[in-house]
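In: how would this look folded up:
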Amino acid sequence: SAPLASGIDLLEPVARELNPRAFDWLAKELWYEIAEAYRSMLEMKSSQVERGEKRISRSKLRALGCQAIACYETFERLFDPVPGDGAGKGEVQGISDAQVRKWFFSALFGAARVHSKIPTGEGEEEEEG
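Out: Numbering: from 1, shown residues only. A predicted model of the protein is given here:
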C-alpha cells in the first residue's frame, strides 16, 4: 500500500500539470497508471477487511474508489475528439490499434471493477493502524 501511495503522490501532480495535447500518450499513460494504483489499493484494503485483518472505514474505501473512478474517467476523456478535427461528438478517437483498444477497454473494465468494490450502506467501522 505504501509504494502505491508514493507512486500516486509522485505521478498525480505531474499528470494534472501535463498538457495532454502536447503529451497525449504520456498523459494517457499517467492517468491509467494512477487509476490502476488507486484500484489496487482499494482491492488490497477491501481484501484485508474481508479477511478480518484490518478495520478500515467505509468512507476511506469509498474515497479510494471514487479517486480511481475519477482517474479512469480522466483517462477515457483523453480519447474524446478534439474540437475542430471533424469527428463526431462522443466518438472515441485513437483506438484503431489493437493494443490501444485493449488498453482503453481495460480502463473501462477497471472502472467497473472499482464500482463493484465500493462499499455501500451506513455502517462505519473504526479505522485501525
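
In: quick check: closest non-adjacent residue to the residue nearest the centre of the chain.
Out: By Cα atoms, centre = their mean, the chain has its centre lying nearest to A35, at 2.2 Å. Among residues not flanking A35 along the chain, C71 sits closest, at 3.5 Å (Cβ to Cβ, 6 or more residues apart in numbering). In short, each C-beta sits where N, CA and C put it, glycine included.

In: would you quantify the distance from that neighbour to G52?
Out: C71 sits 29 Å away from G52, going by Cβ to Cβ, to the nearest Å.

In: out of these two, which sits in the more crowded spot?
Out: For C71 versus G52, the count of surrounding residues by other Cβ atoms under 10 Å is larger for C71: 28 against 7.

In: can you say which helix or strand has the more buried one in it?
Out: For C71, the host element (DSSP states H and E) is helix 58-77.

In: enumerate the positions of that helix that are buried.
Out: Of the residues in helix 58-77, those buried under the neighbour-count criterion (16 or more other Cβ atoms under 10 Å) are 58, 61, 64-65, 67-69, 71-72, 74-76.

In: cool, stretch 112-120 as well?
Out: Neighbour-count burial for stretch 112-120, with 16+ other Cβ under 10 Å as criterion, is recorded at 114, 117-119.

In: for my notes, please list those residues in JSON lines and give secondary structure for each entry.
Out: As requested, the buried residues of stretch 112-120 are arranged in JSON lines below (DSSP: H, G, I helix; E, B strand; the rest coil):
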{"residue": "V114", "secondary structure": "helix"}
{"residue": "K117", "secondary structure": "helix"}
{"residue": "I118", "secondary structure": "coil"}
{"residue": "P119", "secondary structure": "coil"}
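
In: all helices for the protein, in order.
Out: Along the chain, the segments classed as helices by DSSP state H run 2-17, 24-50, 58-77, 98-117.

In: looking at those, which is closest to V92?
Out: V92 lies closest to helix 98-117 among the helices of the chain, at 7.0 Å (Cβ to Cβ).

In: from the contact counts, what lies against the closest one?
Out: For helix 98-117, the packing partners by 3 or more Cβ pairs under 8 Å, 6 or more residues apart in numbering; DSSP states H and E come out as helix 24-50, helix 58-77.

In: relative to helix 24-50, how tilted is the helix or strand bottoming out on mean pLDDT in the chain?
Out: Each helix and strand of the chain was given a mean pLDDT (mean pLDDT, DSSP states H and E); the minimum falls on helix 2-17 at a mean of 91. Using axes from the mean of the first three to the mean of the last three Cα atoms, to 10 degrees, the inter-axis angle of helix 2-17 relative to helix 24-50 is 150 degrees.
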